[in-house]
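Participant: Below is the sequence, then the predicted model.
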Amino acid sequence: MKKLEIIIETIGLNSVIRILEKQNISGYSIIERVLGKGSSGLRQGGELSNVMKNVLVIIVDEPDKINLVVKEVKQLLKDFSGVMFISDVEVEN
């Protein structure tokens, strides 16, 4: 199994969800208000809007599905600030 973590501007979240639905990804987690500093500088978020706020989307699925999502999200990251991390994971129930 592969784990894909996507940190992206909040305004790009709906686009990520559409990609996941298109690839029949039925399970994912979203963590709002992700703060940090990266190549785009410090991201703390504005209090009254979603401007400068980030979210973290976590997906664990088969490598083939994750690779398809990565390909589409790469295109999305041309329009929104963000980053992806891919790792091998073992899932225990």
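Facilitator: Happy to help now that I have it. Residues are numbered from 1 along each chain as shown.

Participant: What helix or strand is Val83 located in?
Facilitator: Element membership of Val83 [criterion: DSSP states H and E] is strand 82-88.

Participant: any idea which helix or strand comes after the least confident helix or strand in the chain by mean pLDDT?
Facilitator: None of the helices or strands of the chain scores lower by mean pLDDT, DSSP states H and E than strand 41-43, at a mean of 61. Moving toward the C-terminus from strand 41-43, the next helix or strand (DSSP H and E) is strand 54-61.

Participant: Counting by contacts, list what that following strand packs against.
Facilitator: In terms of contacts (3 or more C-beta pairs under 8 Å, 6 or more residues apart in numbering; DSSP states H and E), strand 54-61 is packed against strand 2-9, helix 13-22, strand 29-34. The C-beta positions use only the backbone N, C-alpha and C, and glycine is treated the same way.

Participant: contacts for it?
Facilitator: For strand 54-61, contacts defined as C-beta atoms under 8 Å, 6 or more residues apart in numbering pick out 1-10, 13, 16, 20, 25, 27-36, 43, 45, 66, 69, 81-82, 89, 91.

Participant: The residue lying closest to Gly82 once chain neighbours are set aside: what's it in contact with?
Facilitator: Closest residue in space to Gly82, ignoring its immediate chain neighbours: Ile8 at 3.5 Å, by C-beta to C-beta, 6 or more residues apart in numbering. Contact analysis of Ile8 by C-beta under 8 Å, 6+ apart lists 16, 54-55, 57, 73, 76-77, 80-82.
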